[in-house]
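*Asks:* How does the following fold in three dimensions:
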Amino acid sequence: MGNGGDTRPRGFAARAGGWSARHPWAAVGIWVLFVVLAVGLGSVTGRQDVQQGEQLKGETHTAARILEDAGIEEPAGETVLIQAKDGSTRATDAGFRAAVADVIEAVEATGQVTDVASPYDTNTISRDGRSALVRFAIRGDADTAGERVGPVLKAVEDVQKDHTSLRIEEIGGASIQKQYSDAFGEDFRKAEYSAVPVALGILLIAFGALVAALLPVALALTAVMATMGLMAVVSHLQPMSDTANSVMLLVGMAVGVDYCLFYLRREREERAAGRDAGAALRIAAATSGRAVVVSGVTVCVAMAGMLFTGIAEFEAMGLASLMVVAVAMIGSVTVLPALLSLLGERVEKGRIPFLRRRDGRAESRFWKAVLRRVLARPVLSVVVAAGALLAVAAPALGMRTSELTLDQEFSDSLPVVQTYNRVNEAFPGGSGPARVVVEAEDITAPQVRRALEEFKEQAVASGASHGPVGVRLYEARNVAVVSVPLVGGSDLDKAGESLRKLRDEVRPATLGRVDGVRAPITGQVAGSHDFNDQLVGSVVPVFAFVVVLAFLLMLLSFRSLSIAIASILLNLLSVGAAYGILVTVFQHGWGASLVGADGVGAIVTWLPLFLFVILFGLSMDYHVFVVSRIREARLRGLGTKEAIQHGVITTAGVVTSAAVIMVAVFAIFGTLSMQSMKQMGVGLAAAVLIDATVIRGVLLPAVMSLLGERTWYLPAWLRRLPDLTHDTPPRQEAVPPAPRTGERLKV
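*Replies:* Okay, here's the model as predicted:
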């Protein structure tokens, strides 16, 4: 820079945009080929999903590895609850026994089950004598049992019709998997079908023309499609999941539309200012294109933070989000300028009659009025805005996180939830027992058999279980699996205390005394406990990675220590406010009924860290875009305060449109049936809304106004850092920049 009349584009965005504009058909062809190849490869390879035993480290992982190494594939266990509807019928009555016999006969007749056990043989009859459990397993792989359980569920339903005085219902790994998958798929389709028309409607209002509105949606959709294919390919190295797919759709639609929106609005603004199509594209590439690249790289870096958790589900979400952001970013700075070059004035086709032309030059009167007051009283603005956000964030200090039980996750929206509650009430811990995987050199050795019996006795004597404790021996493989119903049942806090007794008291006193024996304890409660431990251990490295890398990117992109520090602090403030809203709504229940979240009382364990990573990345969208425009004005000779006013007001329209789209897409997830999806959607929508209004419209200009020329300060010892500042736009008339403290702005 500082090279006189050299106005050649500098940087990836400007060069990519220039090449695409000059070779539009080649650029479009390459993009279409990429999408088709990605989708095709994904279809051919198929997606590998995260296995339950590979989700975590710790005892859960050890238990899964022992079973895998021994070649033991435990089938999915199912249970049929047979329960008297009145208080007089007992499990010993003839009618009750007949129902049990009919259930056993019906499920065996499907050919899909094995190891059917009568409650009269296993003593699985409740203490009050009103309930009994028929237990069996679904043949084949447990991970796909949900696909084969349908005929068994139908057989149980038919038996229920013949015994109307009894309640006959099925629950288990396969049936829960089926209903969960059906509900999740329905939610996913609802989000997918809603997100596109919502985004398109908002873009129609923003642009007033059908073709201009369709471009961002089309590119976002193709980016999502390509990423789905890439996810399938990558899943053979890093397994994926339905949750990762859902998050990828959410992030992909949001950033894909936003990136195209930034680019398209700048191109329209330059054309409206009288520049020819080629010059408008070059300026858009060098300015908005560069902001898209900086924002995209920052989001990718933030998403990469999830790879440090060591939790397979998080790693899948992080990698899927990273890929869709990268694909959307590349599409926005390559194929979009090619399409704009091909369309020319036809981008205005399909104009909506009752909407006025929106070319990007019109200033927002609302934000102009707000900004005038903010810049007139920057200290008061900072105190009021920051104070309000800190007050909103305050409830987050009392945040309670928990793995959501089935009834918390779905409330009563799924039939299996009611069955789950009834089983837990009649047989505490029976629907989600702890499983002790015992490995020994010789599982039939007398000392091992004795230790197993002692474990069964002490599990009940210690108060960790009411029994019955079951043992399944695999003598040929020297492995035993002990099933222990935990006291506490669906109350994870009480069940967690029972798990602690098993791990810290019962196991060391029994199995732990036998040399060569390993006995990791797994199961739903143990998995939740191990997940929490691992998540807590990953918080510091993930936070540090994301914050440090985001700081460095801002420092290199704007060569200003002040902007880098302010960026981090403002982002932390918006994340804290989002946490506070989550706690207020979902934990304390204020306004929870508006989103159908009554009675949850906790934030799902994985959400705070996930939100931090996602929000820290996404909030850079607006930050980079606004600060880039301010810096551009400053480069052209305006004073810092005038540059702030110009940058904020000229970007207000596009930031508002982008924020409305993001909020709308995220809010769709707040309407889904799964409580974890509701919490994620509400948290993201609230944070984006705060970020685009209070942060970018009030705090950012107020802080920059207070800093004055120190906004651009870079100490001499940092000036050797790589220069990744703004691509050089075509030169315009400008007065010399005002002198200031710190490093000179390069032009």
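*Asks:* my read: residue 103 touches residue 168, true?
*Replies:* Yes: contact criterion Cβ atoms under 8 Å: residue 103 and residue 168 qualify, at 6.6 Å. (C-beta placed from N, C-alpha, C; glycine too.)
*Asks:* out of the two, which sits in the more crowded spot?
*Replies:* residue 103 (27 against 23; other Cβ atoms under 10 Å).
*Asks:* so which strand or helix has that one?
*Replies:* Element membership of residue 103 [criterion: DSSP states H and E] is helix 94-109.
*Asks:* now residue 134
*Replies:* With DSSP H and E as the test, residue 134 turns up in strand 131-138.
*Asks:* helices or strands up against that strand?
*Replies:* strand 76-84, helix 94-109, strand 113-117, helix 119-122, helix 415-426 (3 or more Cβ pairs under 8 Å, 6 or more residues apart in numbering; DSSP states H and E).
*Asks:* tell me the angle it makes with strand 113-117.
*Replies:* Here the directions of strand 131-138 and strand 113-117 differ by 150 degrees (axes from the mean of the first three to the mean of the last three Cα atoms, to 10 degrees).
*Asks:* next helix or strand past strand 131-138?
*Replies:* helix 150-162.
*Asks:* same for that following helix, what does it pack against?
*Replies:* So helix 150-162, by 3+ Cβ pairs under 8 Å, 6+ apart, packs with helix 94-109, strand 166-172, helix 173-207.
*Asks:* switch the cut-off to 7 Å
*Replies:* Helix 150-162 is packed against helix 94-109, strand 166-172, with contacts defined by 3 or more Cβ pairs under 7 Å, 6 or more residues apart in numbering; DSSP states H and E.
*Asks:* Could you single out the most deeply buried of those?
*Replies:* strand 166-172 (a mean of 24; mean count of other Cβ atoms under 10 Å).
*Asks:* partners of that one in the sheet?
*Replies:* strand 76-84 (antiparallel) (DSSP bridges).
*Asks:* Need the contact partners of the strand it pairs with.
*Replies:* 96, 99-100, 103, 130-138, 142, 145, 152, 156, 166-175, 419, 422-423, 426 (Cβ atoms under 7 Å, 6 or more residues apart in numbering).
*Asks:* ok, back up a step: tell me, what's touching residue 103 and residue 168 both at once?
*Replies:* Contacts common to residue 103 and residue 168, judged by Cβ under 7 Å, 6+ apart, are 80, 82, 156, 159.
*Asks:* List of residues touching stretch 200-207?
*Replies:* 210, 213, 216, 217, 352, 355, 358, 657, 660, 661, 664.
*Asks:* switch to 8 Å and redo it
*Replies:* For stretch 200-207, the external contacting residues (Cβ atoms under 8 Å, 6 or more residues apart in numbering) are 210, 212-214, 216-217, 257, 261, 264-265, 268, 352, 355, 358, 653-654, 657, 660-661, 664.
*Asks:* neighbour-wise, which of the shared contacts of residue 103 and residue 168 leads?
*Replies:* The shared contacts of residue 103 and residue 168, ranked by neighbours (other Cβ under 10 Å): first place residue 80, 30 neighbours.
*Asks:* Burial check on the closest residue to residue 342 other than its chain neighbours, number of neighbours?
*Replies:* Counting by Cβ to Cβ, 6 or more residues apart in numbering, residue 24 is the residue found nearest to residue 342 once chain neighbours are left out, at 4.7 Å. Neighbourhood size, residue 24 [other Cβ under 10 Å]: 18.
*Asks:* Check residue 722 too.
*Replies:* 7.
*Asks:* show me the contacts for it.
*Replies:* residue 556.
*Asks:* Can you give me the pLDDT of it?
*Replies:* On pLDDT, residue 722 comes in at 74.
*Asks:* Assign it to helix, strand or coil.
*Replies:* Under the three-state scheme (DSSP: H, G, I helix; E, B strand; the rest coil), residue 722 adopts coil.
*Asks:* same thing with residue 673?
*Replies:* Applying three-state DSSP: residue 673 is coil.
*Asks:* rewinding a little: for residue 509, find the nearest of the helices and strands packed on strand 131-138.
*Replies:* helix 119-122 (26.3 Å; Cβ to Cβ).
*Asks:* mind listing what's buried in the closest one?
*Replies:* Of all the residues in helix 119-122, those buried under the rule 16 or more other Cβ atoms under 10 Å are residue 119.
*Asks:* now swap in stretch 654-671 and tell me
*Replies:* For stretch 654-671, by 16+ other Cβ under 10 Å, it's 654-671.
*Asks:* Would you report which members of those residues are assigned to helices?
*Replies:* 654-669 (DSSP state H).
*Asks:* Return the closest of the residues you listed with respect to residue 235.
*Replies:* residue 669 (22.7 Å).
*Asks:* And that closest one, how far from residue 684?
*Replies:* 7 Å (Cβ to Cβ, to the nearest Å).
*Asks:* any idea which residue sits dead centre in the protein?
*Replies:* residue 247 (4.6 Å; Cα atoms, centre = their mean).
*Asks:* Mean pLDDT lowest where, among the helices and strands packed on helix 150-162?
*Replies:* strand 166-172 (a mean of 90).
*Asks:* Can I get that strand in CSV? Just the C-alpha atoms.
*Replies:* Provided in CSV are the C-alpha atoms of strand 166-172 (Å, rounded to 0.1, in the frame of the first residue of the first chain):
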residue,chain,number,x,y,z
LEU,A,166,-55.0,-53.0,31.9
ARG,A,167,-52.4,-50.5,30.6
ILE,A,168,-50.0,-52.3,28.2
GLU,A,169,-47.3,-50.1,26.8
GLU,A,170,-43.8,-50.6,25.4
ILE,A,171,-40.6,-48.7,26.2
GLY,A,172,-36.9,-49.3,25.6
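*Asks:* Could you check how many residues crowd around residue 460?
*Replies:* Residue 460, neighbours per other Cβ under 10 Å, totals 17.
*Asks:* Sorry, wrong one. I was asking about residue 421.
*Replies:* 18.
*Asks:* The residue nearest to it when sequence neighbours are not counted and residue 593, how far apart?
*Replies:* Leaving aside its sequence neighbours, residue 421 sits nearest to residue 407 (Cβ to Cβ, 6+ apart; 5.7 Å). Here the criterion is Cβ to Cβ. By it, residue 407 lies 17 Å from residue 593.
*Asks:* Which one's more surrounded, those two?
*Replies:* residue 407 (18 against 11).
*Asks:* That one is in contact with residue 417, isn't it?
*Replies:* Yes: using Cβ under 8 Å, residue 407 is in contact with residue 417, at 4.9 Å.
*Asks:* Please, where are all the strands along the protein?
*Replies:* 76-84, 113-117, 131-138, 166-172, 401-402, 434-439, 470-474, 479-484, 521-522, 603-604 (DSSP state E).
*Asks:* Export those strands as TSV, with columns for distance to residue 30.
*Replies:* Shown next, in TSV, are the strands of the chain (distance: least, Cβ to Cβ, whole Å):
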stretch	distance to residue 30
strand 76-84	46
strand 113-117	53
strand 131-138	47
strand 166-172	50
strand 401-402	45
strand 434-439	51
strand 470-474	55
strand 479-484	54
strand 521-522	48
strand 603-604	41
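*Asks:* Where among these is average confidence lowest?
*Replies:* strand 401-402 (a mean of 80).
*Asks:* All set now, cheers.
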